[in-house]
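>>> Kindly return the folded structure for what I paste below:
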Amino acid sequence: MRKIMTGVAITAIMLCGLPMSGQQTKMLTADKHNEYGLVYTLPNTMLEIEVTATRTVSKAGKYYQYAKKYLGTDQVIKSDSENWTITDVKVNRYGVPDEEEQYLIQLKPGALTSICVDNSGMILAINKEITLPGNNIMTRSDEEGNVGRGSRRNGNGKEEKIDMQEYLKYVDEDFLASQSSAKQAQMLAENLMEIRESKVALTRGTAETMPTDGRQLELMLASLAHQEASITAAFCGTTETEKVSRTYNFMPSEDGRTILFRMSDFCGFVGPDDLSGDPVYISVKVGREPELPVDAKGEPKKLPKDAVVYSLPGSASISLTYMGKTLYGKELDFSQFGIKFGLAPSLFSDKKSPSYAVFDPATGALKEIGEMER
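Numbers count the residues shown, from 1 in each chain. Coordinates of the predicted model:
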């Protein structure tokens with residue numbers, strides 16, 4: 001095994017690979033076109049951090065000061081506000097090529113050994129075909145919401161969007177001509193009482209004009225419920241919530257704490273240098289290096305000659321904190337905090353009973369090894 005540092009030679013050999021299905025991985029075989037050499041790269045381990053926050057937008061009704069008098073409640077929103085709360089954090093790992101950890105497997109003519117790599121050349125397996133479940137690096141995911149509209153639950157428990165100006169659809173000319181907020185509130189409350197009485201009459205079957213079938217009754221009740229919610233919002237206000245997600249990629253390299261992003265009550269997710277938000281910190285505490293495999297005598301094994309090199313990942317504790325609260329904390333394995341070891345190349349080129357090996361695409365660790373089926 002030779003460690004490679006020249007990108008030109010690597011590219012020339014890699015171009016001889018045969019793409020696999022899905023174009024996510026490819027098999028490399030040795031022949032005279034690549035001088036019977038197979039090149040692969042070990043990964044550094046990156047973190048993909050998906051943070052989900054709940055955005056709450058509250059809007060005050062124009063006539064909130066009259067809610068107690070006409071609706072009998074003081075549970076009203078008195079001023080517009082916006083608030084963001086982090087509700088979920090998911091952390092995944094994936095591998096990115098470590099350009100300083102590129103290796104060449106030199107084979108003899110006639111050898112049937114092959115390696116499976118991803119599109120960036122990171123090793124996935126030897127003498128075995130691997131199909132990745134999806135893209136190795138996931139893209140950022142944003143959820144857009146409807147801002148500026150309130151929401152209430154209708155009679156069926158479904159969320160209903162309420163425009164704060166929608167009550168104007170249900171008022172008459174006298175309301176529009178009035179210059180008194182108190183008079184307008186009184187007229188709105190009278191309209192609200194009429195709507196509620198109409199709902200009761202339809203439900204009891206005592207309305208002057210009854211629907212001809214159940215479907216028509218359902219539509220009439222739904223319309224009245226929407227009118228009721230629109231007018232009620234003019235007194236009590238509305239509150240809307242939506243979930244918004246952002247994805248951040250971070251490569252731990254040493255002990256320390258850094259600002260991953262900031263959370264602002266006005267803008268939500270903002271950059272680490274935007275002082276309008278409070279910082280969300282990511283902290284890294286590197287653990288001990290892994291131990292080398294031992295032989296039957298308990299002695300550390302020596303690296304085989306021309307070994308097929310792989311990673312023995314090391315661990316690090318990762319935590320995310322915000323406003324003194326821990327959002328996430330876990331110990332994970334990372335290639336960059338570990339050491340390198342290797343397998344004897346003869347394991348994979350034995351003509352009678354060749355072996356196969358499977359490696360973790362995120363850490364480069366050996367996941368599985370065994371004899372190939374004949």
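>>> Now do the helices in the stretch 251-374 of the chain.
346-349 (DSSP state H, counting those that start in this stretch).
>>> same question but for the stretch 51-200 of the chain, I mixed them up
67-71, 173-177, 181-204.
>>> Dump the ones you listed to a markdown table, plus mean neighbour count.
No exception for glycine: its C-beta is placed from N, CA and C like everyone else's. Converted to a markdown table, these look like this (neighbours: other Cβ atoms under 10 Å):
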| stretch | mean neighbour count |
| --- | --- |
| helix 67-71 | 17 |
| helix 173-177 | 10 |
| helix 181-204 | 16 |
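>>> To L275, which of these lies closest?
Judged by Cβ to Cβ, the one of the helices of the stretch 51-200 of the chain that comes nearest to L275 is helix 67-71, at 37.6 Å.
>>> can you tell me which strand in the chain is longest?
Secondary structure assigned by DSSP state E gives strand 81-106 as the longest strand of the chain.
>>> Which strands and helices lie in contact with that strand?
Packing partners of strand 81-106 (3 or more Cβ pairs under 8 Å, 6 or more residues apart in numbering; DSSP states H and E): strand 2-4, helix 7-14, strand 37-59, strand 256-264, strand 308-322, strand 325-343.
>>> ok, back up a step: could the helices of the stretch 51-200 of the chain go into a markdown table alongside distance to L312 and mean pLDDT?
Listed next are the helices of the stretch 51-200 of the chain as a markdown table, based on distance: least, Cβ to Cβ, whole Å; pLDDT from 0 to 100:
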| stretch | distance to L312 | mean pLDDT |
| --- | --- | --- |
| helix 67-71 | 67 | 94 |
| helix 173-177 | 77 | 91 |
| helix 181-204 | 71 | 92 |
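>>> Which one, of these, ends up nearest to I86?
That would be, of the helices of the stretch 51-200 of the chain and by Cβ to Cβ, helix 67-71, which comes in at 32.2 Å.
>>> which other residues reach the closest one?
61, 73-74, 76, 185-186, 188-189, 192, 232, 235-236 (Cβ atoms under 8 Å, 6 or more residues apart in numbering).
>>> what about 6 Å?
Outside helix 67-71, the residues that touch it by Cβ atoms under 6 Å, 6 or more residues apart in numbering are 73-74, 76, 189, 235-236.
>>> Would you write a ChimeraX line that selects the buried entries of these?
To isolate the buried members of the contacts of helix 67-71 in ChimeraX, using 16 or more other Cβ atoms under 10 Å:
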select :76,189,235,236
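>>> P133: which of the contacts of helix 67-71 is nearest?
Taking the contacts of helix 67-71 together and measuring to P133 by Cβ to Cβ, the closest member is C236, at 48.3 Å.
>>> about what we covered before: and the helices of the stretch 51-200 of the chain as TSV, adding distance to I49?
Shown next, in TSV, are those (distance: least, Cβ to Cβ, whole Å):
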stretch	distance to I49
helix 67-71	43
helix 173-177	52
helix 181-204	48
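>>> before we move on, the earlier item: with respect to the helices and strands packed on strand 81-106, which exhibits the lowest mean confidence?
Among the helices and strands packed on strand 81-106, helix 7-14 carries the lowest mean pLDDT, at a mean of 33.
>>> middle-most residue in the protein, spatially?
E50 (3.5 Å; Cα atoms, centre = their mean).
>>> my guess is it contacts K90, does it?
Yes. With contacts counted by Cβ atoms under 6 Å, E50 reaches K90, the gap being 4.5 Å.
>>> returning to what we had before: would you list the helices and strands packed on strand 81-106 in a markdown table and tack on distance to I86?
Shown next, in a markdown table, are those (distance: least, Cβ to Cβ, whole Å):
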| stretch | distance to I86 |
| --- | --- |
| strand 2-4 | 43 |
| helix 7-14 | 41 |
| strand 37-59 | 5 |
| strand 256-264 | 6 |
| strand 308-322 | 6 |
| strand 325-343 | 6 |
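>>> Cool, thanks, talk later.
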